[in-house]
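Student: Sequence first, predicted coordinates after that:
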Amino acid sequence: MAEAPILSWEGLGLQQGGRWLFRNLDLHIAPRDRLALIGRNGAGKTTLFKLVANEIEADEGTRSVQPGTRIVTLEQEPDFSGCETLMDYALSGDDAPQRHEVEAIAGQLGIDMERPAATASGGEKRRAALSRALAMDPDLLLMDEPTNHLDLAAIDWLESWLGRYKGAFMVISHDRTFLKRLTRATLWLDRGSMRRKEVGFGGYEAWEEQVYAEEARAADKLDAKLKIEAHWLERGVTARRKRNQGRLEKLHQMRAQRAAMISPAGTARMKLATDDVKTKSVIVAEGVTKRYGDRTVIRDFSLRIQRGDRIGIVGSNGAGKTTLLKMLTGEIEPDEGTVTLAKTLSGVMIDQQRSLLQPEKRVRDILAEGGDWVDVRGNRKHVQAYLKDFLFDPSLVDARVGTLSGGERSRLLLAREFARKSNLLVLDEPTNDLDLETLDLLQEVIADYDGTVLIVSHDRDFLDRTVTVTLGLDGSGSVDVVAGGYEDWEAKRSQRNAQSTKKAESKAESTSPPPPPPPKSNKLSFKDQRDYDLLPGRIEELEAAIARGEQILSDPDLYTSDPQRFANISKGVENARAEKEAAEERWLELAELVDG
């Protein structure tokens, strides 16, 4: 029997700017719902969050909430104004969490809550906001782009926390991997209405295509001239899918070619098979090492980047991604080795600060220097036509940048930079603030780009869809060079970790004699008796492993000095606790059988 909802909206309607943003929406959230909220920029996703949290009033509809339900919002851009430290922010407001609860979450996320809010980075502010939201022990958690500015270790931790979370959550996110792993139902805001389907985000794209195809067929039957006001239909959903399948096949071919050029495991050198390969090289790194004080950030790294390569750089914060990127682009020099750039290399960098966009400027000022025409890589195009290419309403040509949403500003910056003539594109966290529709567009533009692309990103799905080679940094100074995307790098790491574990277990078995078995009971089967005999020893091993891990994690500097080790040990402790609990329950069941 279905559980009664903890929150409901019936007949919800809201007007914005003299028109209905949405109307006749019905929303019911059950105690354990895991909901993905999907929709284009401007569809009203964040506004719906505010209505659910009762932060704004609706024009129509009835809201009902189970008594005692605690609703907490993790905002996309939390307001730190008036807060001296991150902890001041976390404890602000009438409904603030307990300090010790905030400290517990912050410790696991590796964030110093006494850091001044004014100088904190985007990642530090995001972890502080997470610490506050999660410490409030919500019954319903509303998360607006929760993975923005988080590194891979923090994203893994958040996914693990949400996997154990007992309440309900609704999430807006561009992070496809995050959505696929965690959501079980999808809410789709589209043209003023909302649909719900009891499938996680993994089934959303097929559902979207099915809905639009049905609408197109219905429109054809109703009126051959009827036009459906949906951007995806205007572009042709099926056609877009076919184009993307073609691009994906091309990407796989490029990865296979690069895999054939990578030297045997253990090195990062590309084979120089022919003179033709040399002439195609745009960046060549040979034996590169970079140190900061006593720490070696990059050690003996070599790579030959070809014209047309798409290079992804991944790793936790502090692992050396930015240092590697700056060396590859010639911004800083290595301490040892050489980096040679082709003389014809002309680069464009799109950074995560969006520093080029002044709020008072108009859209046409950004794209066309105030005129009507844009020079798009040597070809003139009308500014309004170019806006349509990047999913803008052409009427926004005279809108002020300050009136655009975060996603629209990011899209405007992409439109500006992709118009410039270049053969090297450098993207630093390009997916922040982009909706899924714009991400699809960005992937298409990168796929069709003639030059070489360097991408620093924590967006796993985006990397899997765009890059031919992944450079993976673990903070130790070594750099994995893997043909493929993030998933391929993860597979390599998992294989390496499994081999290390197997060697360690083999060594332990050869040096540790088995304990003498206790007296056997004739009330147990062979398997039960074996479990009864071995589980006490295993429980002791797990307790010792947990104690060792907790002692290592108690070092306050561990996360910042070696975030990958922190993440690995945290995950190991968590797994050991789960195994210990299961082992204790199993042994108690068997003990009851023995005792009769």
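Tutor: Yep, it's here. Residues are numbered from 1 along each chain as shown.

Student: Do a quick rundown of the strands in the stretch 351-500 of the chain.
Tutor: Using DSSP state E, counting those that start in this stretch, the strands of the stretch 351-500 of the chain run over 373-376, 379-382, 424-428, 452-456, 469-473, 479-483.

Student: List the neighbours of the third one that are in contact with it.
Tutor: Strand 424-428 is contacted from outside by 282, 322, 325, 329, 345-352, 417, 446, 449, 451-457, using Cβ atoms under 8 Å, 6 or more residues apart in numbering. Just so you know, the C-beta spots here come from the backbone N, C-alpha and C atoms, and that holds for glycine as well.

Student: That strand versus strand 452-456: what angle between them?
Tutor: 10 degrees (axes from the mean of the first three to the mean of the last three Cα atoms, to 10 degrees).

Student: burial count for residue 568?
Tutor: 17 (other Cβ atoms under 10 Å).

Student: so what does the helix or strand it falls within touch, helix or strand wise?
Tutor: Here residue 568 is covered by helix 563-595, with elements defined by DSSP states H and E. When contacts are defined as 3 or more Cβ pairs under 8 Å, 6 or more residues apart in numbering; DSSP states H and E, helix 563-595 packs onto helix 152-164, helix 526-553, helix 558-561.

Student: If you count contacts, what does the second one end up packed against?
Tutor: Right, the one you point to is helix 526-553. Helix 526-553 packs on helix 563-595, going by 3+ Cβ pairs under 8 Å, 6+ apart.

Student: Residue 384 and residue 394 touch, don't they?
Tutor: Yes - Residue 384 is within contact range of residue 394, at 3.7 Å (criterion: Cβ atoms under 8 Å).

Student: So those two - more neighbours on which side?
Tutor: Using other Cβ under 10 Å as the criterion, residue 384 and residue 394 rank with residue 384 on top: 19 against 13.

Student: From residue 392, how far out is that one?
Tutor: According to Cβ to Cβ, to the nearest Å, residue 384 and residue 392 sit 9 Å apart.

Student: Could you pull up phi and psi at the nearest residue to residue 105 once chain neighbours are set aside?
Tutor: Nearest residue to residue 105, sequence neighbours excluded (Cβ to Cβ, 6 or more residues apart in numbering): residue 131, at 4.3 Å. Torsion angles at residue 131 (phi, psi; degrees, to the nearest 10) stand at phi -60, psi -40.

Student: just to revisit the earlier point, which of the contacts of strand 424-428 count as buried?
Tutor: 282, 322, 325, 329, 345, 347-348, 350, 352, 417, 446, 449, 451-457 (16 or more other Cβ atoms under 10 Å).

Student: where does this protein dip in pLDDT?
Tutor: Across the chain, the ranges flagged by pLDDT under 70 are 1-2, 219-245, 263-279, 351-356, 504-524, 526, 554-557, 559-560, 592, 594-596.

Student: Beta-bridge partners for the residue lying closest to residue 480 once chain neighbours are set aside, please?
Tutor: Leaving aside its chain neighbours, residue 480 sits nearest to residue 472 (3.9 Å; criterion: Cβ to Cβ, 6+ apart). Counting by DSSP bridges, residue 472 forms beta bridges with residue 314, residue 480.

Student: if I read this right, residue 472 contacts residue 484, doesn't it?
Tutor: No - counting by Cβ under 8 Å, residue 472 stays clear of residue 484, with 10.7 Å between them.

Student: Please identify the helix or strand for the nearest residue to residue 478 once chain neighbours are set aside.
Tutor: Nearest residue to residue 478, sequence neighbours excluded (Cβ to Cβ, 6+ apart): residue 299, at 6.0 Å. Assigned by DSSP H and E, residue 299 falls within strand 295-306.
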